Each structure stands twice: as structure tokens, then as C-alpha cells.
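Colleague: I'll drop the sequence and a predicted model, then ask my questions.
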Amino acid sequence: MKKTTWSIDPLHSEIVFKIRHLVISTVTGLFRKFEGHAVSEADGFNSTKVYLTIDVKSIDTNQAQRDVHLQNGDFFSADLYPQITFESTSFVNTGGNHFVMVGDLTLKGVTKSVELNVEYGGSQRSLQGVVKHGFEVTGVINRMDFGMTWNVLTDTGNVGLGEDIKLVANIQVSEQVAA
């Protein structure tokens, strides 16, 4: 069976997260630096292996002071754990363009199995003749599962930050061509 390796195109991909703030609104952030690849063994993407590494210090919430706080020991401990990694353990088509991807997410030194929804957006040949595929990956993780327990109480007794983090990654991959 032919194996094909697909590289994440960072210029046409993004990894975004959202978390509730003060129970009344949502703060959005993203990671500016990441790399990864996928290895498929058939014409489709069923059973594809996905590998992703994210540079924690590339976090950007559009507020520098908050970004520094997120990098410290209250959250990511970026000096001790400079990378977030993900390695899929299964990638299963659930019908049409929809897949469920399960994998090991390592964040702040803690590895947990997570389940993510994947929607295949289709394929296209670039102007340079390279085959590209697009995917939207969504899911929710609980930050407490990864040792990110910092929080504050508001004057009304509500927590300052939600526990669930919504993940949205729009990923475009390009076929790696042997040199």
C-alpha cells in the first residue's frame, strides 16, 4: 500500500482557541508557530496518522500582558514545557467528509487522549501544481486535565475563567514530494 506524507502549510493554516472569561464573554487566542505532518496509507484519509508540534511561546491573544501570563507557571509553563504535541491514534471516517480523530495531546507535561472532529474541505491543485487538502478540526478540552488550574473569583462569586477550551484548527496540507 502506498504511503503519502502531507506537510502542514503554516501560511494557509491556523490553530485557534477560545475560553470563557468572567462567564460573560469569550477570549480568543492563537498560536503563530507550529509544524506537523500526516501520513496516509490509502487514497482516502481513513487511518491517517497525524503529528503536530506547537511552539507555546508563539501564543497570541492580542494582549501582550495576558500572553506573558499564559506562558508562566499559572498556565503553560513555557520555559519548562516549550511545546504542545499531538499524535493521532485513530482517524476514522464517520460518513461523507466527516472524521473523528483520537490522539494523545501533551500539554504542560501531561498527556491525555482527546477526541476531535474533522471536516474534510476538499482538495485542489495549487498554481505550482502541488496537491493540497483542507481540513477543519474542532474539539473541546478541559484545561484542568492538563494542570492549568489557576483561576480567580469575581466579586459576584463567579470564576474568572472557564475550564473548557474550544479548539478550532483550519489546516491545509501539501503532498511532500521526494527531492
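Modeller: Yep, it's here.
Colleague: which residues make contact with the helix or strand harbouring residue 132 from outside it?
Modeller: Assigned by DSSP states H and E, residue 132 falls within strand 131-142. With C-beta atoms under 8 Å, 6 or more residues apart in numbering as the test, strand 131-142 has contacts from 6, 9, 12, 45, 101, 105, 112, 114-126, 163-175. In this view, the C-beta of every residue, glycine as well, is placed from N, C-alpha and C.
Colleague: Mind checking which of those are buried?
Modeller: Buried members of these, scored by 16 or more other C-beta atoms under 10 Å, are 6, 9, 45, 101, 105, 114, 116, 118, 120, 163, 165-167, 169-174.
Colleague: to the chain's geometric centre, what's the distance from stretch 64-82?
Modeller: In terms of C-alpha atoms, centre = their mean, to the nearest Å, the centre of stretch 64-82 is set 17 Å apart from its chain centre.
Colleague: Averaged pLDDT, it. What do you get?
Modeller: Confidence over stretch 64-82 (mean pLDDT, whole number) is 95.
Colleague: Return the set of buried residues in it.
Modeller: Buried residues in stretch 64-82, counted by 16+ other C-beta under 10 Å: 66, 70, 71, 75, 76, 77, 78, 81.
Colleague: Between which two of those residues is the distance greatest?
Modeller: Using C-beta to C-beta, the two most remote members of these are 66 and 81, lying 18.6 Å apart.
Colleague: nearest spatial neighbour of residue 79, skipping sequence neighbours?
Modeller: residue 71 (7.8 Å; C-beta to C-beta, 6 or more residues apart in numbering).
Colleague: The one you found contacts residue 58, correct?
Modeller: No - the pair residue 71 / residue 58 is not scored as a contact, 9.9 Å apart, by C-beta atoms under 8 Å.
Colleague: which one of the buried residues of stretch 64-82 sits closest to residue 37?
Modeller: The nearest member of the buried residues of stretch 64-82 to residue 37, counting by C-beta to C-beta, is residue 81 at 21.7 Å.
Colleague: where exactly do the helices run in this protein?
Modeller: For the chain, the helices defined by DSSP state H occupy 64-71.
Colleague: Give me the below-cutoff pLDDT ranges for the chain.
Modeller: In the predicted model of the chain, residues 1, 153-154, 157-158, 177-179 satisfy pLDDT under 70.
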